[in-house]
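Participant: fold the following and give me the result.
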Amino acid sequence: MQPVDALQTKTDSPGFFGVIGRAQSYVNLVYLLISFPLGIFYFVFLMTGIALSLGLAIIVIGLFVLLFVLAATRALGAWERFLSCQMLGADIPRAPSVPVAWGRPLQALGSALTDAETWKSFAFLMLKFPLGILSFTIVMVFVATTISFLASALAFRFVPVTFMIWRVDSVDAALIMLALGLLLTILSLHVFNGMAAVWRALAVALLRPGEAAVETPPATSRPIVIP
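Facilitator: I've put the predicted structure just below:
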């Protein structure tokens, strides 16, 4: 699957200034922003499900709760694989769907617990929580600082503006702040693209199915041509 980018392919280098006109830069930004709420959801869901299954382990229903959590882990891992491919341009083959044998919970639970895909998906989902918070924090710091520079350049004629220790009270000072704001905008997009590259590498490392589990398209039969 290819990244969502109407102007550049993932192998093209947009250059220092070209990054501002590259659609993939803004897709990467959206991915970083949504990683925060997704990470919180994954953490709460998994921790609640595991705690509930352990608390109900003395009765049969605890097995079904744990089996549901493990099946959901694989499903959420597939969802994250889809997001990484569509939004970040990660090259990850699709893993085949594994039906859950609800009628044989012990056998299904044993298969899920010994499946490497389950644990790799679990690791990625758990990492999404701290890394999602980190990504969101970095994005907010850069965005807030950039807006402060740009707003200082545009608002000095209407309200007194002091940025840190620098008073913006003239056109020259406003132009400097505007130039710094535009420069910081470009730098921010480069930082966001670098962070997205880290997410892409992490997804490839943890969400790539094993060679034996890679889903291959069904072979198409060709007509027999008799010379």
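Participant: give me the element A173 is part of.
Facilitator: helix 171-207 (DSSP states H and E).
Participant: wait, G18
Facilitator: With elements taken from DSSP H and E, the one containing G18 is helix 15-18.
Participant: could you give the average pLDDT over that helix?
Facilitator: Mean pLDDT, helix 15-18: 77.
Participant: C-alpha coordinates for it, CSV please?
Facilitator: Output in CSV follows, covering the C-alpha atoms of helix 15-18 (Å, rounded to 0.1, in the frame of the first residue of the first chain):
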residue,chain,number,x,y,z
GLY,A,15,13.6,19.3,0.1
PHE,A,16,13.7,21.7,3.1
PHE,A,17,11.1,24.1,1.8
GLY,A,18,9.1,21.6,-0.3
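Participant: so in the protein, which helix runs the longest?
Facilitator: Taking DSSP state H as the criterion, the chain has its longest helix at helix 116-155.
Participant: tell me the buried residues in that one?
Facilitator: Applying a neighbour-count criterion of 16 or more other CB atoms under 10 Å, one finds 117-129, 131-132, 135-136, 139, 142-143, 146, 148-150, 152-153 buried in helix 116-155. C-betas here are computed from N, CA, C, even on glycine.
Participant: same deal with stretch 35-46?
Facilitator: For stretch 35-46, the neighbour count (16+ other CB under 10 Å) marks S35, F36, L38, G39, Y42, F43, L46 as buried.
Participant: need those residues in TSV with secondary structure, can you?
Facilitator: Listed next are the buried residues of stretch 35-46 as TSV, based on DSSP: H, G, I helix; E, B strand; the rest coil:
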residue	secondary structure
S35	helix
F36	helix
L38	helix
G39	helix
Y42	helix
F43	helix
L46	helix
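Participant: quick check, nearest of these to M177?
Facilitator: Ranking these by separation from M177, with CB to CB as the measure, puts F36 on top at 29.3 Å.
Participant: quick check: the closest one vs S25, distance?
Facilitator: Remark: distance between F36 and S25 (CB to CB, to the nearest Å) = 19 Å.
Participant: can you check T185 too?
Facilitator: According to CB to CB, T185 and S25 sit 10 Å apart.
Participant: these two: which has the busier surroundings?
Facilitator: Taking other CB atoms under 10 Å, T185 and S25 do not tie; S25 has more neighbours (22 against 17).
Participant: need the contact list for the more buried one.
Facilitator: P14, V19, L189, F192, N193 (CB atoms under 8 Å, 6 or more residues apart in numbering).
Participant: in those, which residue is surrounded by the most others?
Facilitator: Each of these was scored by neighbours using other CB under 10 Å; the highest score is F192's, at 24 neighbours.
Participant: tell me who's in contact with it.
Facilitator: S25, N28, L29, L32, V139, F142.
Participant: the same query, at a cut-off of 10 Å, please.
Facilitator: Listed by CB atoms under 10 Å, 6 or more residues apart in numbering, the contact set of F192 reads 19, 25-26, 28-33, 135, 138-139, 142-143.
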